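Visitor: The sequence isn't on hand, but the structure is:
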């Protein structure tokens, strides 16, 4: 299974003026837990900080995805972490092809719609 994790603001922006949205306090611990002993794609390795890379093991076609294109095209499960920011202008993630299954104030689970 390919799992994507994505940090978004309240308006679905993954970048605001070239920067990530402000992350909630639990985000780094969640990302570390998901990456521990898991494979990651080469693209994810280019984007992850060394502290997260050190807890993973090998590269593969399954595992943790964090790149927008990888998530959009191949993730089966998408974990969305919601920051407190609320920006009107930014790079928006489009949830086309995903169905929201669970939603709380700061965390959402989306599953790919294969129909």
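Guide: Yep, that arrived. Just so it is clear, the model here is predicted, and its values are computed rather than measured.
Visitor: How much space separates residue 104 from residue 11?
Guide: Using C-beta to C-beta, to the nearest Å, one obtains 17 Å as the distance from residue 104 to residue 11. All C-beta spots, glycine's among them, are computed from the backbone N, C-alpha and C.
Visitor: Who has more neighbours out of those two?
Guide: Legend: neighbour count by other C-beta atoms under 10 Å for residue 104 and residue 11, higher for residue 11 (14 against 8).
Visitor: Now do the same contact list for the more buried one.
Guide: Contacts for residue 11 were tallied using C-beta atoms under 8 Å, 6 or more residues apart in numbering; they are 86, 87, 88, 90, 92.
Visitor: switch to 7 Å and redo it
Guide: By C-beta atoms under 7 Å, 6 or more residues apart in numbering, the residues touching residue 11 are 86, 87, 88.
Visitor: Repeat that for residue 71.
Guide: 4, 6, 65, 78.
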